[in-house]
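[1] Fold the following, please.
(2 chains)
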Amino acid sequence: MRFLIIITILSLLAGCSKEQPQFNLLRPEAGDRVVLVEEFSGALCPNCPQGTAELESLKEIYGDRLIILTIHAGDFAFPFSDSKFDFATDDGDVLLDLLGNPIGYPSGVVNRKREGPQDGYQLFSSRWATSIASSLEDSATVQIDQDIAYDPETRELEVTVTILPFQNFQSLPRLTVVLKEDGIIDPQADRADPTGVVTSYEHKNVLRTVLSSPSGDPLASSPKLLEAQQKNYRFTLPEEEGWWIPENCSIVAFLTEEQSGTAIGEVLQATEAPIR
Amino acid sequence: MKDFYRHSWMICALWTSSLGLVTAQDKLSFSGNLQAGLNWFLEDVEIGAANTPQYDDNLLGLEMWLDLQFKYKGYTLGVRGDVFHNSNLLNPNDAYSAQGLGRIYLHKKFGNLEAQAGYIYDQIGSGLIFRSYEERPLLIDNALVGGLVKYQPWDWLEVKAMAGRQKNLFEWYDSFIRGGQIEGFFVLGQENSVSIIPGFGVVNSSWSDGQVSDVIKALQTHTPADSIGFYYHTWSFTGYSTVAYGPFSLYLEGAFKTQDIYFDPDQEKQLYGGGSTLGRFRNDDGSILFGSFTYGSKGFSANVSLRRTKNFTSRADPFTTLNRGLVNYLPPMSRLNSARLKARYTPAARDISEKALQAELRYTFSKKIKMVQYFSHIAELDGNLLYREFDNEITFRQNRFFQCSFGVQSQSYNQAIYEGKSGVEVVQTVVPYLEVQKRLKKRKSIRSQLQYMHTDQDFGSWIFALFEYNMAPRWSFSVSDMYNVDPEKTDDLHYPRLDIIYNIKTHRMMFSYLKQVEGVVCAGGICRLEPAFSGFRFSLQSSF
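    This next block holds a predicted model:
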């Protein structure tokens, strides 16, 4: 009898299946492609406010999927005699050298893409809407997240950028991290104004400094699928009247990948987050 | 850089080998032309010659065109190699480097029939609806890449048709252009005959699917208030005629264009979020009316022309701006002055809105005294003044050894419109000028110019002096200086220039040292604003 019971119990065990239930790992979604427009401007540029207004209108359409960075560099990037601020920066000059002098203004670079192999990166404003729409159709291959810690006492800023790839890369993409500021009031040339100058113009999206190297810092290694990489940046906001206001500042981080035959990488993804 | 040298050697090798062909085959004729320009940029921050790649790093800029033409049994084969290395022609603020095949074509005449395939330079009528042409100083090369057929069934009639795509540097624009022209020649009457040269032309442009898709993406961002549609095809028509009778000649041309999509940088655009900006796409039809009357007799000649232009932008790509992708050609309604200060403010033709009148009267009072009166008035269709010029010039020729010309030019130049500068006043100038030419013995001559420009606008007043010494037929030396005598923008700066020209047979070399103030540069009626220049310049023009 005892032997029968043991056999019965063992036979129950024998009935257990060896098969495992099937399931997939949940992965983060790549999300939407975000497009970066690097607009080149200057306080003395009479056509630039028209371009800025065009970008603001496109921002109304595309929202967070469009990031605008206004770089004061080039022929018109000089202050008026009664200007309080000089928006030109060494970083801006380096970016202009990198992306090429425009033939005229307003001019901007959309995701650092060229229309054709013999074209430059700079596009007139008539091209922006089309180029932005085309870039938005590209699928996102990386996700960029920012963790920003700001100490209002010391005005110290720490930015941690996390890059999560959704594919394997053979190349070594570069990360560029910039600080931009809105709401700076200062004179601006404007051909639509009867006097030619708007004395209390609100300058938006102004490049203030580049936390990384202007041409971008290379990642530690070629990104691998879903293997996150992080980079850290620190900066102390200067205390100067009228600008460097933390509430008006935000951090833009973008990843570029160099294509064969070009020294400048196309923007793979970009993100923007306010400091406060 | 390696590419640059490789292609340069390839072109030189092609040149050398083709020279050998001439001697090898008697029936093959060969000719060619080499044009080269070399700029050595020397930074001068004071005059604004700075902050371009050429002044920063790439101190040398080169442009070179080598044309080769082979003729054999009625066939003509043309090949051109173009080389650009750190050139500032495409974008005066940037360096352009590229090289490759600039042109290739095959041409053959079969009796009254003429055919050409490849890169074509031609025009319909006076070019108002179509002109494919080249202006190297501005790097305009609007060759039509396709085919052309001309047929002359009778002496008094010629028909031509062409089709292709417009060249865009070393590529082609996507749009397709086809056009045709029929032109006659009639003489009415035996004595005091009237000659009539009537013509009619038509051009059709078709956008590619890619261009249409791009335009749609742009138009989708317009607000409902600015929403427009557009068509795949645009038609342009022109009818023209020259009527000549005795000393009188009259040319009339009327052109019409169906709705066409183009970017108007001055058009108000409503914005999401409120407000407006300037610059948006439009889809309008356009028209041009042009008339020119000429009278010539002993002692007096006159030429009067009028033109009214409305929305006549024709581009090979709707996104191109400035001098890129121009399908048609609007000649300027002001004359291109050669004197330095008289040419400082030159208006480019405006294709959106312009009405213009110009007149030139020439008097020959005697063998010794001549006078030229010139007048130009250009305004927008709403009457806003763009440009006005008066010029009175008297030439006194004492004998074949001495001649002097003097006069006064005055201008009103709407700098805000022509140069896109906001808040600036219309530039008002008065330019008295004097030129003296004296022939010396042994084929030597001297020429001297003195010009003064009085203006309270832009850079302020200038004085210009030039002295030139010619030793025909080989050498020419000139030295000049343009001095900002009453400056409004900068210090009282000098802009000196030294030129040495050497000619030998069909070759011409020119070496220059110059400082050039920022200003409008025009070539063949097309103008653009150029930044200041400082440095050395070497140019070579060689025919063989």
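
[2] May I see the buried residues of stretch B:311-328?
    B:311-321, B:323-328 (16 or more other CB atoms under 10 Å in any protein chain shown). For the C-beta atoms, the positions are set from N, CA and C on the backbone; glycine is no exception.

[3] just checking, which of these belong to strands?
    Among these, DSSP state E puts none in strands.

[4] Of the residues you listed, which ones also sit close to chain A?
    Contacts with chain A are made by B:319, B:321 out of those, judged by CB under 8 Å from any CB of the partner chain.

[5] quick one: pLDDT of residue 31?
    Unless you meant another one, I'm taking chain A. Looking at residue A:31, its pLDDT reads 86.

[6] think we crossed wires, I meant chain B
    For residue B:31, the model assigns a pLDDT of 96.

[7] which secondary element of the chain has the worst mean pLDDT?
    No chain was given, so I picked chain A. Between all helices and strands in chain A, the lowest mean by mean pLDDT, DSSP states H and E belongs to helix A:2-14, at a mean of 70.

[8] could you do chain B instead?
    helix B:2-24 (a mean of 45).

[9] So in that sheet, which strands flank the very next helix or strand once past that helix, and in what orientation?
    Once helix B:2-24 ends, the next helix or strand along the chain (criterion: DSSP states H and E) is strand B:29-41. The pairing partners recorded for strand B:29-41 under DSSP bridges are strand B:60-72 (antiparallel), strand B:533-543 (antiparallel).

[10] Export these to JSON lines and append columns for mean neighbour count.
    Formatted as JSON lines, the strands paired with strand B:29-41 follow (neighbours: other CB atoms under 10 Å in any protein chain shown):
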{"stretch": "strand B:60-72", "mean neighbour count": "19"}
{"stretch": "strand B:533-543", "mean neighbour count": "17"}
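
[11] Could I get those strands in a markdown table, plus columns for mean pLDDT?
    Shown next, in a markdown table, are the strands paired with strand B:29-41 (pLDDT from 0 to 100):
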| stretch | mean pLDDT |
| --- | --- |
| strand B:60-72 | 96 |
| strand B:533-543 | 95 |
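
[12] what separates the residue of chain A found nearest chain B from residue B:35, distance-wise?
    For chain A, the residue closest to chain B is residue A:196, as judged by CB to the nearest CB, at 1.5 Å. To residue B:35, residue A:196 is 41 Å away according to CB to CB, to the nearest Å.

[13] cool, residue A:206 as well?
    According to CB to CB, residue A:206 stands 45 Å off from residue B:35.

[14] These two - which one has more neighbours?
    residue A:206 (24 against 16; other CB atoms under 10 Å in any protein chain shown).

[15] Whichever residue of the stretch 401-544 of chain B sits closest to chain A: neighbour count?
    Across the stretch 401-544 of chain B, the shortest distance to chain A (CB to the nearest CB) belongs to residue B:423, at 1.5 Å. Neighbour count of residue B:423, defined by other CB under 10 Å: 14.

[16] How about residue B:303?
    Residue B:303: 16 neighbours (other CB under 10 Å).

[17] repeat for residue B:441
    7.

[18] mind listing what residue 150 touches?
    Looking at chain A here, since you left the chain open. Residue A:150 is in contact with A:156, A:157, A:158, A:246, A:275, A:276, counting by CB atoms under 8 Å, 6 or more residues apart in numbering or on different chains.

[19] The chain in question should be chain B.
    B:113, B:114, B:115, B:158, B:159, B:160 are the contacts of residue B:150 under CB under 8 Å, 6+ apart.

[20] Helices of chain B, residue ranges please.
    B:2-24, B:53-56, B:209-219, B:415-419 (DSSP state H).

[21] now swap in the stretch 1-150 of chain A and tell me
    A:2-14, A:48-62, A:90-99, A:125-136 (DSSP state H, counting those that start in this stretch).

[22] so can I have a markdown table of those showing mean neighbour count and distance to residue B:133?
    Listed next are those as a markdown table, based on neighbours: other CB atoms under 10 Å in any protein chain shown; distance: least, CB to CB, whole Å:
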| stretch | mean neighbour count | distance to residue B:133 |
| --- | --- | --- |
| helix A:2-14 | 9 | 92 |
| helix A:48-62 | 22 | 31 |
| helix A:90-99 | 19 | 32 |
| helix A:125-136 | 22 | 24 |
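
[23] Out of those, flag the one nearest residue A:174.
    Residue A:174 lies closest to helix A:90-99 among the helices of the stretch 1-150 of chain A, at 11.3 Å (CB to CB).

[24] hmm, back to that, report the buried members of the contacts of residue A:150.
    Of the contacts of residue A:150, these count as buried by 16+ other CB under 10 Å: A:157, A:275.

[25] Is residue A:58 in contact with residue A:132, as I believe?
    Yes: using CB atoms under 8 Å, residue A:58 is in contact with residue A:132, at 6.2 Å.

[26] Mutual contacts of the two, please.
    residue A:66.

[27] Would you quantify the distance from residue B:129 to residue B:313?
    12 Å.

[28] got it, and residue B:223?
    23 Å.

[29] three-state assignment of residue A:226?
    Secondary structure state of residue A:226, per DSSP: H, G, I helix; E, B strand; the rest coil, is coil.

[30] burial of it, as a residue count?
    14.

[31] Likewise for the one 4 residues further on?
    Using other CB under 10 Å, residue A:230 has 12 other residues around it.

[32] average pLDDT for stretch A:137-155?
    95.

[33] Whichever of the contacts of residue B:150 end up buried, select them in PyMOL.
    To isolate the buried members of these in PyMOL, using 16+ other CB under 10 Å:
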select buried, chain B and resi 114+158+160
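
[34] and of the contacts of residue B:150, the nearest to residue B:84?
    Using CB to CB, the contacts of residue B:150 come closest to residue B:84 at residue B:115, 31.3 Å.

[35] who touches that closest one in this structure?
    With CB under 8 Å, 6+ apart, residue B:115 has these contacts: B:107, B:108, B:109, B:147, B:148, B:149, B:150.

[36] Also residue B:215?
    Per CB under 8 Å, 6+ apart, neighbours of residue B:215: A:130, B:207, B:230, B:261, B:281, B:318.

[37] Could you rerun that using 7 Å?
    Going by CB atoms under 7 Å, 6 or more residues apart in numbering or on different chains, residue B:215 touches B:230, B:261, B:318.

[38] how about JSON lines for these, with pLDDT added?
    Rendered in JSON lines, the data for the contacts of residue B:215 read as follows (pLDDT from 0 to 100):
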{"residue": "B:230", "pLDDT": "92"}
{"residue": "B:261", "pLDDT": "94"}
{"residue": "B:318", "pLDDT": "93"}
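
[39] Present those as TSV; the columns should include distance to residue A:22.
    Output for the contacts of residue B:215, formatted as TSV (distance: CB to CB, whole Å):
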residue	distance to residue A:22
B:230	53
B:261	55
B:318	54
